[in-house]
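Visitor: For reference, the sequence and a predicted model appear below.
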Amino acid sequence: MPLNGPDDASSSDQASVSLEKDGFFVFNDVFSNEELGGLRRAAEEHFKRAGRRLPGGGLKQANAAVEIPAIEWLFHHPRVLHCFREALGTDSIMFTSHADLQKDVPGGWHKDDGTSESSPDSPGYFSKFAYDADDCKVYKMAVYLESHDHDHAGLWVRDGSHRVKSYERGTPHYLGPRAGGVIIFDVRITHSGQFKSKLYRAMLKLGRFLPARVADPAFTKTRAFVRAVTNRQRIAYFFTFGVPNAYTIEFARNNILRQLSLTPGTNMRLPKNLKNELERAGVLLAEDHFNVDDLQTDGGQINPQANKFATSGSMMM
Ligand SMILES: O=C(O)CCC(=O)C(=O)O
Ligand SMILES: [Fe+2]
């Protein structure tokens, strides 16, 4: 059940209990209109000069905590940290360095734990499948800049699917946050953004006959135009924190490799100021537990000596 803001006194256990049981939770009234305006301006400015165009339309930016300095405040905002602390059920939380920005990206069922239906034997970002692990608590915050309580363009989840490997299990459940609210969900949950419409799927089929360099920009522009004139723009930020243990560190490390592959040459080290602010707010950093420079250069090997959580969790690195 949504709460009226993270300061709601009744919020105590509700978020963490829901996250454990259902795999998601909605917080209302987290950001002010000014803050939403700042996030929107930063996204629009950024996509004028950068970003990755997706096949089939839409824009994405990986490593947004570094690539978009104007939104640095988002990651240490007191209300954001409060929501994560409520969701994770502890004050001791860790930032994974994962942050994405996206605009008008169409969805489809998937999990954010690095697994995919096409590689059913791969445990994704974790070294083994983590669906039965109670201490795997790696949670993503979705910040939609538009209200989605009157359309179906918010987030779909399959209830309870954070505890099963199958992509088909769990009743589909629509979560339409109002602008200013956020959703926090377990990265293991099966979820989807806005599903592709019939018209859009037909367009994509036709697009197969065109070279990607023609089809992708054409779809991105058409979608952006239709959304702008129908007042249905869809911009969202996603970023991930966890409890400080081996699961969170392993997620962070392997997700950094993913972000590097999506944005070659991006600097995955957190900016000094952001690092200081997070530390001041009592947030631990996953990047302190492996060598980011090694990942930058050779996709390096994690050093178990440097990871004090490696032997304390139930999962070995
Ligand atoms: O588009 C959305 O709302 C969801 C995006 C998502 O699930 C992702 O980027 O992993
Ligand atoms: Fe996702």
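Guide: Structure's in. What do you need? Ligands and ions are numbered 1, 2, ... in the order given.
Visitor: Hmm, His152 is touching Pro172, no?
Guide: No. Applying C-beta atoms under 8 Å, one finds His152 not in contact with Pro172, separated by 10.8 Å. For glycine as for every other residue, the C-beta is placed from the backbone atoms N, C-alpha and C.
Visitor: Comparing these two, which residue is more hemmed in?
Guide: Taking neighbours as other C-beta atoms under 10 Å, His152 and Pro172 compare with Pro172 leading, 13 against 10.
Visitor: ok, the more buried one - contacts?
Guide: Listed by C-beta atoms under 8 Å, 6 or more residues apart in numbering, the contact set of Pro172 reads Trp156, Val157, Arg158.
Visitor: can you point me to the longest strand in this structure?
Guide: strand 94-103 (DSSP state E).
Visitor: Can you list the strands that that strand pairs with?
Guide: When sheet partners are counted by DSSP bridges, strand 94-103 sits next to strand 59-61 (antiparallel), strand 235-242 (antiparallel), strand 284-285 (parallel).
Visitor: if we look at the last one, which residues are touching it?
Guide: This means strand 284-285. Strand 284-285 has contacts (C-beta under 8 Å, 6+ apart) with Ser92, Ile93, Met94, Phe95, Ser97, Pro244, Leu270, Lys275, Leu278, Glu279.
Visitor: following that strand, which helix or strand comes up?
Guide: helix 292-298 (DSSP states H and E).
Visitor: where are the low-confidence patches of the protein?
Guide: Applying pLDDT under 70 to the chain picks out residues 1-12, 223-224, 227-232, 298-317.
Visitor: for the residue in the stretch 101-250 of the chain that ligand 1 sits nearest to, what are its contacts?
Guide: With C-beta to the nearest ligand atom as the measure, Gly193 is the residue of the stretch 101-250 of the chain nearest to ligand 1, at 2.3 Å. Going by C-beta under 8 Å, 6+ apart, Gly193 touches Val105, Pro106, Gly107, Ala153, Leu155, Trp156, Ala236.
Visitor: Redo the contacts of strand 284-285 as JSON lines? Include neighbour count.
Guide: Converted to JSON lines, the contacts of strand 284-285 look like this (neighbours: other C-beta atoms under 10 Å):
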{"residue": "Ser92", "neighbour count": "12"}
{"residue": "Ile93", "neighbour count": "23"}
{"residue": "Met94", "neighbour count": "27"}
{"residue": "Phe95", "neighbour count": "27"}
{"residue": "Ser97", "neighbour count": "24"}
{"residue": "Pro244", "neighbour count": "23"}
{"residue": "Leu270", "neighbour count": "23"}
{"residue": "Lys275", "neighbour count": "17"}
{"residue": "Leu278", "neighbour count": "21"}
{"residue": "Glu279", "neighbour count": "13"}
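Visitor: Return the closest of the residues you listed with respect to Pro69.
Guide: Leu270 (11.5 Å; C-beta to C-beta).
Visitor: does Leu204 count as helix, strand or coil?
Guide: helix (DSSP: H, G, I helix; E, B strand; the rest coil).
Visitor: what's the nearest residue to it if we skip its chain neighbours?
Guide: Counting by C-beta to C-beta, 6 or more residues apart in numbering, Leu204 lies nearest to Gly56, which is 5.5 Å off, once chain neighbours are set aside.
Visitor: Over to Thr266?
Guide: Asn63 (4.6 Å).
Visitor: how close does that neighbour get to Glu250?
Guide: 18 Å (C-beta to C-beta, to the nearest Å).
Visitor: got it, and Val17?
Guide: 25 Å.
Visitor: Which one's more surrounded, the two?
Guide: Using other C-beta under 10 Å as the criterion, Val17 and Glu250 rank with Glu250 on top: 33 against 12.
Visitor: List the buried residues in the helix or strand hosting the more buried one.
Guide: Glu250 is part of helix 246-262 when elements are defined by DSSP H and E. Residues of helix 246-262 classed as buried: 246-257, 259-260 (neighbour count, 16 or more other C-beta atoms under 10 Å).
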